[in-house]
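*Asks:* Please find the sequence and the predicted model below.
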Amino acid sequence: MTGMFEFGKVFAAAGKYKYVIIAVFAGLILMSFPGGSAKKTETTDTQRIEFDVGAFEKRIENALAQSAGIGRCKVMLSLDSSPESVYAKEARQSRKESESGVVKEDDSDMKPSIMSEGSGRQSPIVVKEIYPGFRGALVICDGADEPSIKACVIESVSSLTGLGSDKISVIKMKN
């Protein structure tokens with residue numbers, strides 16, 4: 001009970017500053033935990049995925065090969081467009097007015113926003129990345145002669161690529 005009593009004396013002596021002291025201690029405790037902002041920038045950098053058509057084709061091939069009745073398969077995708085990055089831009093506008101308030105010259109300019117990465121490195125700020133659209137797909141597999149297998153392959157490739165069934169060809173693989 002003596003320890004509690006002394007703790008109370010400290011707060012009583014601090015008087016009107018006791019809330020400030022509590023806030024400082026709470027801040028020190030919160031600062032001792034690892035910061036979340038550094039982790040967020042790391043995850044956004046690692047979450048940026050470069051699109052590789054060959055790797056995407058292999059992933060589809062592996063998924064289809066594990067399905068019953070399909071057997072060996074090969075997937076080819078044709079692209080409608082290439083991957084594209086959209087960068088943030090800064091608008092700079094200048095206006096010159098005469099003494100009477102009439103606009104004499106109005107000039108505007110757009111330039112990319114640049115972010116410093118430290119060590120003198122700079123890079124443009126990416127607002128979004130647009131992945132390529134697909135034009136069509138060709139799937140060559142062992143089970144293509146079965147209508148139910150062919151329909152399953154078309155549905156699977158359609159769901160993974162966003163292509164309509166009229167843009168997907170499925171043919172039988174030769175032995």
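*Replies:* Nice, thanks for sending it over.
*Asks:* Residue 135 contacts residue 53, doesn't it?
*Replies:* No. Here residue 135 does not reach residue 53: they are 11.5 Å apart, not a contact under C-beta atoms under 8 Å. Just so you know, the C-beta spots here come from the backbone N, C-alpha and C atoms, and that holds for glycine as well.
*Asks:* between these two, what contacts are shared?
*Replies:* Common contact partners of residue 135 and residue 53 (C-beta atoms under 8 Å, 6 or more residues apart in numbering): residue 79.
*Asks:* what's residue 140 in contact with, if anything?
*Replies:* 73-76, 170-173.
*Asks:* Filter these down to the buried ones and hand me the PyMOL line.
*Replies:* The PyMOL command for the buried members of these (criterion: 16 or more other C-beta atoms under 10 Å) is given here:
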select buried, resi 73+75+170
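*Asks:* Turn the contacts of residue 140 into JSON lines, columns for distance to residue 123.
*Replies:* Output for these, formatted as JSON lines (distance: C-beta to C-beta, whole Å):
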{"residue": "73", "distance to residue 123": "40"}
{"residue": "74", "distance to residue 123": "38"}
{"residue": "75", "distance to residue 123": "34"}
{"residue": "76", "distance to residue 123": "34"}
{"residue": "170", "distance to residue 123": "43"}
{"residue": "171", "distance to residue 123": "45"}
{"residue": "172", "distance to residue 123": "48"}
{"residue": "173", "distance to residue 123": "45"}
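*Asks:* Of the contacts of residue 140, which is the nearest to residue 144?
*Replies:* residue 172 (4.1 Å; C-beta to C-beta).
*Asks:* Now the closest one. Nearest residue, chain neighbours left out?
*Replies:* Spatial nearest neighbour of residue 172, chain neighbours left out: residue 144 (4.1 Å); criterion: C-beta to C-beta, 6 or more residues apart in numbering.
*Asks:* Please state the offset of the one helix or strand residue 117 maps to from the chain centre?
*Replies:* Element membership of residue 117, judged by DSSP states H and E, is strand 114-118. The chain centroid and the centroid of strand 114-118 are separated by 19 Å, computed with C-alpha atoms, centre = their mean, to the nearest Å.
*Asks:* Show me the chain divided up by domain.
*Replies:* The record's domain parsing of the chain by automatic domain parsing lists 2-47, 53-83+131-172, 85-126.
*Asks:* what about the first one, average pLDDT?
*Replies:* For domain 2-47, mean pLDDT is 60.
*Asks:* Next: the last one.
*Replies:* Along domain 85-126, the predicted local confidence has a mean pLDDT of 72.
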